[in-house]
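> here is my input; please provide its structure:
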Amino acid sequence: METQRCDIQGITETCFSAQNFFTKIADFDAEEDKYMAISVNYRGDVKAKEANATVQWLKTNKKVTFVEWCPTGFKVGLNDEPPAVLEDDDVAPSKRNIVMIGNNTAISRVFSERISKKYDLMYSQRAFVHWYVGEGMEEGEFAEAREDLGFLEKDYLDVLSEQATDEENDESD
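Okay, here's the model as predicted:
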């Protein structure tokens, strides 16, 4: 069994490690995959000064990078109540914890490599379509939903290409 650091910087660094994301992104790169916004919410024995210092440490050590049009990008939430301890729970009690919600350009790979492919495969087989139609959905809505997913993929790719274009312009100046 491995013991984790329980200081503010330690739990924050662990939180920003790709292996702890809810969505698995195998080739996540903290410098190339840029954030558009991040909300970190601390619970328990955490002071504002410590939380803000940790956020600055993340930025200066390139643990997170933001798109250039979002210079601050962080929202920090603090809750003084310690995490609840439940009976017969496998999770060890802790004085503090953190949750991070972030909007990162790496999610575009999840849309294109997983969701779109699976949607296309299932829809081509007409899987579950009869259930939705039976509940009142029209078949045209499936095509519309797939089109919306394509627009979402394109929006994220546009953010990445704008970033690359801006970096090339900065290098040529």
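
> helix, strand or coil for the most centrally placed residue in the chain?
For the chain, the residue nearest the mean C-alpha position is Gly102 (3.9 Å; Cα atoms, centre = their mean). Under the three-state scheme (DSSP: H, G, I helix; E, B strand; the rest coil), Gly102 adopts strand.

> let me know the distance separating it from Gly136.
36 Å (Cβ to Cβ, to the nearest Å). Just so you know, the C-beta spots here come from the backbone N, C-alpha and C atoms, and that holds for glycine as well.

> next one: Thr65
On the measure of Cβ to Cβ, Thr65 and Gly136 end up 45 Å apart.

> helices of this protein, residue ranges please.
Using DSSP state H, the helices found in the chain span residues 8-15, 48-60, 107-110, 116-124, 129-134, 140-172.

> so how far is the second one off the chain centroid?
Here the centre of mass of C-alpha atoms in helix 48-60, compared against the chain's by Cα atoms, centre = their mean, to the nearest Å, lies 19 Å away.

> tell me what it is packed against?
helix 8-15, strand 35-44, strand 74-79 (3 or more Cβ pairs under 8 Å, 6 or more residues apart in numbering; DSSP states H and E).

> try 6 Å
Judged by 3 or more Cβ pairs under 6 Å, 6 or more residues apart in numbering; DSSP states H and E, helix 48-60 is in contact with helix 8-15.

> lowest-confidence helix or strand of this protein?
helix 140-172 (a mean of 83; mean pLDDT, DSSP states H and E).

> how about it: buried residues?
Along helix 140-172, these residues count as buried under the neighbour rule (16 or more other Cβ atoms under 10 Å): Phe142, Leu149, Leu152, Glu153, Tyr156, Val159, Leu160, Gln163.

> again, but for stretch 24-38
In stretch 24-38, counting by 16+ other Cβ under 10 Å, buried: Ile25, Phe28, Ala30, Asp33, Lys34, Tyr35, Ile38.
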